[in-house]
Structures are given as structure tokens and as C-alpha cells.
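>>> Sequence and predicted model, in that order:
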Protein chains: 2
Amino acid sequence: MTPTTRRQAEALDAKDPLRDLRDAFDLPADMIYLDGNSLGPPPRCALQRLENVAQREWKDGLIRSWNDARWIDLPKRCGAKIARLIGAAENDVIVCDTVSINIFKLAAALLARRQGALACEADEFPTDGYILQGLSRLAGTPLQHLPAGAPEDAFKSGAGLLVKSAVHYRTAAVADIAAWERAAAKTGAAIIWDLSHATGLIDLDLENAGARYAVGCGYKFLNGGPGAPAFVYAAEKEAAELLQPLCGWMGHAAPFDFANDYRPAAGVNRFACGTPPILSLSALDAALDIFDGVDMAAVENKARALGDLFLARASAFGLESPSPGPGERRGGHVALQLCEGYAVIQALIAQGVIGDFRAPDLMRFGFSPLYIRFADLWDAAEKLKTILDTEEWRNPAYGRKGKVT
Amino acid sequence: MTPTTRRQAEALDAKDPLRDLRDAFDLPADMIYLDGNSLGPPPRCALQRLENVAQREWKDGLIRSWNDARWIDLPKRCGAKIARLIGAAENDVIVCDTVSINIFKLAAALLARRQGALACEADEFPTDGYILQGLSRLAGTPLQHLPAGAPEDAFKSGAGLLVKSAVHYRTAAVADIAAWERAAAKTGAAIIWDLSHATGLIDLDLENAGARYAVGCGYKFLNGGPGAPAFVYAAEKEAAELLQPLCGWMGHAAPFDFANDYRPAAGVNRFACGTPPILSLSALDAALDIFDGVDMAAVENKARALGDLFLARASAFGLESPSPGPGERRGGHVALQLCEGYAVIQALIAQGVIGDFRAPDLMRFGFSPLYIRFADLWDAAEKLKTILDTEEWRNPAYGRKGKVT
């Protein structure tokens, strides 16, 4: 039952099986943070780890920490923690570089082995399309921008390699990964899943859904810190056949042999490239520990219930949303459509409710089930209602200026 | 005059114009750290900045810090600090990704505009060659491994694009950048300079030497932290013509328009790709401040004098070196050749002298002029002599096992 009073929202919090996870964070007082889909807040353990890495591993250990603090295999250890969250074998994920760069690596490696165009949907997160544009120009392979549609239509016009988000960055619509994989299999096409808005939120089961390639982001629902490194998933059987072009020394089978010829490391480890940013990587690695023993189905269910509550309140105020409706499968945010959205978001921020805005008219509100309570969303919605009722957003202080994120 | 007694070494320290810079570091007591060419130690200001970024910008500021703490333009601000150290215009350098990835970006962008093979020297740092191998395979352009030799010979067999280190990672030999650029200009070839072992150490003057493209490392002599982000330099006039294939959203002219078509940012800023690792990047940015007002000619001169001292001592003990000899231009390390090098380095580490080993037989000793004293090198050389005289390295504890860096 979606709450219709604050008391009902509090009751849901009281019986929430995830409620103790909030204590893992030290959130600012007097703030309701609804932007964890863009940048997750720091878990306490990540801040402690960062201090330890800086003060002990770097300052005292210096170069010896590559061995003594096991920096050298941190990308794999961190990948194994992510693997559990996405339904992959623990050796099939490695943390490295950025989502953009990892899409390039996977797409370029797959391109060498199949026919057909590169493709992404026209309203895909832009960097995914930009990267495919760059690869298309370099490799001389055409690029298709597909209309959003059903899986069975996507591969009809010759797409051989599709990059697709598992959770859409604007609407939070969730793709049926297994259905897309079945459609791709019919034409021999491959799909690279962009899990940026899905990992740490949706109960993913990639291996069983037939997904073989994916990338994802460390700084949203994984709470790894601003610009935390990204990850690559490649199923073992496939990875052994892939030669990615960003073949840096950290992806070499024996990097410290300093051999002249590149010999790719086993499996997904060949997707490592240069020396990883250990400070940022360590914060992510520590942040992942709060998922230990957490049931991802419970996380996804709570995200959906939180979204149901916020959508119900917004609907009661007359706001419209392009996000999946109450009860439907949905990611960890909802979007509300409003011409004055930019100013409304600024007015909310001034009152301690942090959401974000995506041009031209979408307000996005994200809720990580690890630290957002039903009562928080109730209160945020009440503040939104007041701003709309009083037309507080007309205050010139909330006018359009250089907000960038 | 190269010191021949410890007292003379102390006298050089007393009149060293850079001697106060050591106070910017909090080096472990009872250790002589001769591996800053591999991983620089943390400047105190970098540790403070990292704490501030974690505790205030991330924890309290959250998403707002992209604007309020100016994370969004940190790659450019950090690049401007590096520009001064390499003799580039302040807008011509951006910090992003890794050396390996940045070589790929520059080489792929240049490939589209010129004839001829990709090339690097056969004994170049391996990752540079690996990346060219990957690009060669993807773009169908041949790759040449050239013998080390004179600039005028390098472009005779059709090399159109050469990647070359300004300071060699094993020997510390320094390339004559202007001479190489003159030789390249004769055939219309381009050179991408790998400044990994040069930046923050050699008195570089890229613009005046005619160098237009370079990459470099943040974690060696720049002391930016383990795996600190790297940088790209592209001279403004050239950058405007370059389309690099890793065209992620941070290199877009207007990333937050979320437009479907990639439109490259002005100048070198188009070499940005995905979201930068802010924790690691902030540490680098702070570390660069210790170079404020520092005369790079004085830094290079002290490095050479330190190397002269260490080579003179090593020569007195009968050790041979492939590094440039006393008085010659040289980077911030010297290599000593010895079959038993691996065990000797382990024995030195056990006594608090940290150097490193490069297979098959090179001991490397690095000395950043910012914190290494002449007396430190005297003492390190004495410990080396004792280990050789007593054959302490025969201790089985120092036998060959999994050292990786």
C-alpha cells in the first residue's frame, strides 16, 4: 500500500528490512538528498579507508604498497565485489577507467568479430553515442541511432552491436535484459549493457539473462566517490576471444616483464589499461562493503516502493511523469515534467531537498534505498507542493544560470 | 665539484637553493626514498586537500561540489599548473585518464591526418608500444619498432607518427626534443612526447622546441599519488584540427546540453573523455602547488648533480651504469647494472634504502631534487657498498620472488 499520510510513511520505515543501512552514511543534517543517482554520498567506511590509504599506504608505505597493500590486484578484488551485485561470476568483472572508455574497449573488441552497424537508441545517455561516433569514424563502421522500441525491432535494420542502458537515465525505465538478449541472438548481434543507473539498485542477473558484456559506473548507487572508476563485465568464454585496442600494460599477462609484445591477460583482466587511480579506487572498494549480505531484490523492491510514493504524491499535485507508473518496474529515480522545472529544483535545493534537472523540462529525484526513508520522500513532496502552491519558484534567485550537473 | 666525502655532500645541501622544499613532505624517518621516479611521496598539502575533498566537498557538498568546489573545471585548472612546468601555454594542457589512454587519443587523432606508419623505439616503455599495437590493429596502419638512434635516421623508413620518451625509463637518457622535432618536420612526421619521467624534473620548453603533442604522468615527479591522472598537451593551433576517437561527454563543447551529436570542446579540452576521478585528481592538483615559483632549471641541475654523485660513488665500487655519465644531461634517476641486482635491491630495502629493479639486471635509483639531499645519496651509496662488500645480498631472504613494481 502506498502511504497517503506521513504516519503511514513512517510505518513503512519502521518495518523496512534495510533501515539500518542508513547508519553506514553520515548524511548532512537538514538535507534530504535525492541525487544519489548522480553522486552517491560517502559511506563512513569509504572515508576511513581513504584516510588510511593516504596516511599509511601512500605516505608510509610508498612504492611498497603496490605489493604490501595489494594495490596491484585492487581492480580485480573490487570487480569481484561488483560481480555479485550484477549476477556475474566473480572473475568476470574488473574495475578500470570510465564508462565512456570501457564502452569503447568493448565495442572495438566486438567490432573485430562481427558484421553489422554500431547502434544505440536516439535518446540514450549521450556519451554512449559519442563514443560510438568516435569508434565509427576510426574503424569505418556505420552508426545507427535507433528509435526507442521493442527488442524485436531493434536488429531489423542491420545493427550488429547495440549499446543500451539497463535503466534509462531520464525516465528510469528498466529494460528486459533477457528479452533483448533473445532478440539479439536471433541475428547474431551483441549487446553492451550500460549499467550506470542500475548497479547497486536493480536486482541484476546478467549471466542468467544471457548478457555477456556490460559496463557500469562507480559513483552513483555504488557510492564510490565523485568520478569513481567504472567497471567492465565480459563473460569468461567471450572475453578470451576479445582483443581490445586500449591494450595498456596493466592488461598485459605479465606487466612487469616489460616485454615488447602485448600478450593479453586472462579473461576480463585484459580490459585493464593504464595505472589505476588508487585513491579513488580504494574509496569505491570500501564503499562496496556496505552491500555485503544485502539482498538486492529487497533493494530494488524498496526503490520501486519509494518511487511509487513520490509519483503518487506528485500526481496528487497535478504533476506528470515520463517514468514507469506505480507498481511498474523502475530504477532508483523518477522524473517529473514541468516547464518551470529548473527554477523549482533551485527552490527545492534552497530548502534542503537536493534533486537535479535535465534540460529542457525534467526534474529528477533519486532515492537510494540504502539511506532514503519513506518519510524523507513524504517531506520532500510536501516541500515541492508548497513551492508550487506559493509559486516560490518565481523568485529571481532561482532563475536559469550556470548549473552544470 | 662532485663530493668525495660526506662532509662535502653536506656542504652542497647547505647551499642548495631548493633545500626548504623538503619540508613540504612528511617522509618516513629512517628511510632514504629513491623511488620517487616511480611513485612520488605525498606533499603535506596533498594529504590536507584530500581530507578536505572527502570530508567537506564530497560528504557535505555532495553533488553541489561540481559547481561550488569547481570540480567541473579541475582538469583544466590542474592542466594549467602542469603547462608552466613543460613550457606550454596554460590552456594547452588538460589532465585526464592515463598515459596509455592519452597516447591512444593523440595517436588516433593524428593518424587521421597524415601518411606513414606508427612508430616507437624498440626499447621504449612497453605500454607506449602496446597502445600503438592496439591502434595499429584497429586502424589498419602498420607499426614499426625502430632501433634507438639519431633523430635523422628515425624517419627514413616511413614513420609518420613517433611516440618517444623525453627521458628514458631505464637509463634516464634525455632526448634533444628540438633536434627530434627538426628531423620530424623534414618528412612531415609528428612526434608524441611521453614526458612521464621528465615532468617536474627536466627544464622542459616544449613550445620553443617545436613540440606540439605530449602526454605525461601525474604520480612520479609530480607527486600526485598512486595512479594519479595523466595529462595531454596539444598546441592550440593543432588541437583545433584533431578529432580524437574517445569522444566522451566531458570533452563535448556543451556536455550538459545532452545533445545527440558530439561537438568537440575548444582546443585540448576535447581530450577529456569520461567523468574524472576527483579524489585522485584533487590530490594531484594540490601536489602541483609545491612547484609554485620553483625554478625548473635549478631542479634539473640538482638532479644532475645528485646523479653525478651517485654515479661517482657506484663507479668507485666497480659498478657499471647505462645511464648518461657524470656531467651529461640526465633525468632523475640512474641505473646500475648487476646480475645480482634483484637481491641487492631487496637487501637495500631491508636497510631503509628504497630503490627498484627492472629485469633482467638493472637497479634503478631515483632522486627528486625536491626532497632528496646530497647527504642522503652519500649514505645510500655507503649502504650499497656494505651490501656488496659483505655479500649480504646472498641472504636467502632477498631471493627472487613476486616483487611487482
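Received the coordinates, thanks.
>>> C-alpha only now, for contacts and for neighbours.
Fine.
>>> what sits against the closest residue to chain B within the stretch 251-400 of chain A?
Across the stretch 251-400 of chain A, no residue is closer to chain B than A:Pro277, which sits at 4.0 Å (CA to the nearest CA). Going by CA atoms under 8 Å, 6 or more residues apart in numbering or on different chains, A:Pro277 touches A:229, B:226-229, B:277, B:280.
>>> Buried only: go through those for me.
Using 16 or more other CA atoms under 10 Å in any protein chain shown as the burial test, those include A:229, B:226-229, B:277, B:280 as buried.
>>> so can I have CSV of the residues you listed showing secondary structure?
Below are the buried ones among the contacts of A:Pro277 laid out as CSV (DSSP: H, G, I helix; E, B strand; the rest coil):
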residue, secondary structure
A:Pro229, coil
B:Pro226, coil
B:Gly227, coil
B:Ala228, coil
B:Pro229, coil
B:Pro277, coil
B:Ser280, helix
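>>> okay, these in a markdown table with pLDDT and distance to A:Glu57 next?
Shown next, in a markdown table, are those (pLDDT from 0 to 100; distance: CA to CA, whole Å):
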| residue | pLDDT | distance to A:Glu57 |
| --- | --- | --- |
| A:Pro229 | 98 | 19 |
| B:Pro226 | 98 | 10 |
| B:Gly227 | 98 | 13 |
| B:Ala228 | 98 | 15 |
| B:Pro229 | 98 | 18 |
| B:Pro277 | 98 | 19 |
| B:Ser280 | 98 | 14 |
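>>> Which one of those residues is nearest to B:Pro142?
Sorting the buried ones among the contacts of A:Pro277 by distance to B:Pro142 puts B:Pro229 at the head of the list, at 29.3 Å, by CA to CA.
>>> surely that closest one meets B:Gly218?
Yes: counting by CA atoms under 8 Å, B:Pro229 touches B:Gly218, with 5.7 Å between them.
>>> Between those two, which contacts overlap?
Shared contacts of B:Pro229 and B:Gly218 (CA under 8 Å, 6+ apart): B:Leu284.
>>> about what we covered before: kindly provide the distance from the residue of the stretch 251-400 of chain A closest to chain B to B:Pro276.
10 Å (CA to CA, to the nearest Å).
>>> Which positions in the stretch 51-200 of chain A make contact with chain B?
Within the stretch 51-200 of chain A, the positions near chain B by CA under 8 Å from any CA of the partner chain are A:51, A:54-55, A:58-60, A:62-63, A:66-67, A:97-101, A:104, A:108, A:122-123, A:125-131, A:133-135, A:137-139.
>>> Quick check: closest non-adjacent residue to the residue in the stretch 51-200 of chain A positioned nearest to chain B.
Proximity to chain B, evaluated over the stretch 51-200 of chain A using CA to the nearest CA, is greatest for A:Gly134 at 4.0 Å. For A:Gly134, ignoring the flanking residues on the chain, the nearest one in space by CA to CA, 6 or more residues apart in numbering or on different chains is B:Pro245 at 4.0 Å.
>>> tell me which element the one you found falls in.
Element membership for B:Pro245 (DSSP states H and E) is empty, with no helix or strand holding it.
>>> Could you double-check that it lies in contact with A:Leu135?
Yes: assessed by CA under 8 Å, B:Pro245 is found in contact with A:Leu135 at 5.9 Å.
>>> For the stretch 101-250 of chain A, just list every one of the strands.
Secondary structure of the stretch 101-250 of chain A by DSSP state E, counting those that start in this stretch: the strands cover A:117-121, A:143-146, A:159-165, A:190-194, A:213-216, A:231-234.
>>> what's the angle between the third one and strand A:190-194?
Computed with axes from the mean of the first three to the mean of the last three CA atoms, to 10 degrees, the direction of strand A:159-165 lies at 20 degrees from that of strand A:190-194.
>>> Domain map for chain A?
Domains of chain A are assigned by automatic domain parsing as A:6-30+A:295-398, A:48-291.
>>> For those domains, give me JSON lines that also has distance to B:Ala209.
Shown next, in JSON lines, are those (distance: least, CA to CA, whole Å):
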{"stretch": "domain A:6-30+A:295-398", "distance to B:Ala209": "45"}
{"stretch": "domain A:48-291", "distance to B:Ala209": "28"}
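>>> Quick one, which of those domains gets closest to B:Asn395.
Proximity to B:Asn395 (CA to CA) singles out domain A:48-291 among the domains of chain A, at 20.2 Å.
>>> How far away from the center of its chain is the closest one?
Distance of domain A:48-291 from its chain centroid, counting by CA atoms, centre = their mean, to the nearest Å, is 11 Å.
>>> Then stretch A:32-43?
Centroid separation for stretch A:32-43 versus its chain: 12 Å, with CA atoms, centre = their mean.
>>> Quick one: mean pLDDT over that stretch.
Averaged across stretch A:32-43, pLDDT comes to 97.
>>> end to end, how far does it reach?
Criterion CA to CA; first-to-last residue distance in stretch A:32-43 is 16 Å.
>>> hmm, back to that, format the buried ones among the contacts of A:Pro277 as CSV; extra columns: distance to B:Thr171.
Converted to CSV, these look like this (distance: CA to CA, whole Å):
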residue, distance to B:Thr171
A:Pro229, 33
B:Pro226, 23
B:Gly227, 22
B:Ala228, 24
B:Pro229, 24
B:Pro277, 32
B:Ser280, 29
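>>> what's the closest of those residues to A:Met31?
B:Pro277 (25.2 Å).
>>> Quick check: buried residues in stretch A:27-37?
Buried, per 16+ other CA under 10 Å, within stretch A:27-37: A:27, A:31-37.
>>> now the helices for chain A?
Using DSSP state H, the helices of chain A run over residues A:6-14, A:44-52, A:65-68, A:74-86, A:99-111, A:126-139, A:151-154, A:177-187, A:206-209, A:236-239, A:278-287, A:296-316, A:341-350, A:374-390.
>>> Out of these, which one sits most buried?
With neighbours defined as mean count of other CA atoms under 10 Å in any protein chain shown, the helices of chain A peak in mean count at helix A:278-287, which reaches a mean of 27.
>>> Let me know how buried A:Gly274 is, in neighbour terms.
Counted with other CA atoms under 10 Å in any protein chain shown, the neighbours of A:Gly274 add up to 25.
>>> measure the spatially most central residue of chain A to A:Glu124 for me?
Residue closest to the mean C-alpha point of chain A, counted by CA atoms, centre = their mean, is A:Ser196 at 2.2 Å. Note on A:Ser196: its distance to A:Glu124, by CA to CA, is 12 Å.
>>> picking up where we left off before, for the buried residues of stretch A:27-37, which one is nearest B:Ala350?
Proximity of the buried residues of stretch A:27-37 to B:Ala350 was ranked by CA to CA; the top entry is A:Leu27 with 44.4 Å.
>>> pLDDT score assigned to the closest one?
In this model, A:Leu27 carries a pLDDT of 97.
>>> Wait, it touches A:Pro41, no?
Yes: using CA under 8 Å, A:Leu27 makes contact with A:Pro41 at a distance of 7.3 Å.
>>> For the two, list the residues in contact with both.
Common contacts of A:Leu27 and A:Pro41 (CA under 8 Å, 6+ apart): B:Lys59.
>>> How much space separates A:Asn223 from chain B?
For A:Asn223, the distance to chain B (CA to the nearest CA, to the nearest Å) stands at 11 Å.
>>> I appreciate the help and will end here.
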